[in-house]
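Visitor: When you get a sec, could you give me coordinates for this:
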Amino acid sequence: MDTNLKELLRSVLREELAPINQRLDKIESDVQELKAGQAELQKNIVENLGNFTEKIAHQVEDRTGALNKRVFEVETVIQRLTNQ
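Guide: This is a model prediction of the structure:
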């Protein structure tokens, strides 16, 4: 009788714990998906920051070139006026 009671108890426990185990498996799967998504997000952020930094640097270079050209033109005019 003692073994029958143990087997019955084990059977009941398996039945009661089965949904909990399924939910735990689902949660573990979701956590893995979240970790993968977070890693992808971090990778994208780093890439985008690099791209934005490059664009800003090019814009600064372009504006600097335009300003240098304007300064050169002003200096040329001033030079001509002082030579007259």
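Visitor: So which residues of this structure form helices?
Guide: Taking DSSP state H, the helices of the chain run over residues 2-83.
Visitor: so where's it uncertain?
Guide: For the chain, the stretches with pLDDT under 70 are 1.
Visitor: again, 90 this time
Guide: Within the chain, the segments meeting pLDDT under 90 span 1-3, 81, 83-84.
Visitor: In CSV, could you pull the C-alpha coordinates for stretch 77-84?
Guide: The C-alpha coordinates for stretch 77-84 follow below in CSV (Å, rounded to 0.1, in the frame of the first residue of the first chain):
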residue,chain,number,x,y,z
VAL,A,77,39.1,91.5,-52.1
ILE,A,78,40.9,93.1,-49.2
GLN,A,79,44.2,92.5,-50.8
ARG,A,80,43.1,94.1,-54.0
LEU,A,81,41.7,97.1,-52.2
THR,A,82,44.9,97.6,-50.2
ASN,A,83,47.0,97.3,-53.3
GLN,A,84,45.1,100.1,-55.1
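Visitor: Use 411 as the first number for this chain going forward.
Guide: Sounds good: first residue 411 from here, last item stretch 487-494.
Visitor: Residues touching that stretch, excluding its own?
Guide: Surrounding stretch 487-494, not a single residue is in contact under the criterion C-beta atoms under 8 Å, 6 or more residues apart in numbering. In short, each C-beta sits where N, CA and C put it, glycine included.
Visitor: to the chain's geometric centre, what's the distance from that stretch?
Guide: Counting by C-alpha atoms, centre = their mean, to the nearest Å, stretch 487-494 is centred 56 Å from the centre of its parent chain.
Visitor: Same check on stretch 427-446?
Guide: Chain-centre distance of stretch 427-446: 24 Å, with C-alpha atoms, centre = their mean.
Visitor: Can you give me the neighbour number for I455?
Guide: Other residues near I455 come to 10 when the count uses other C-beta atoms under 10 Å.
Visitor: what does L427 give?
Guide: The burial metric for L427, expressed as a neighbour count using other C-beta under 10 Å, is 11.
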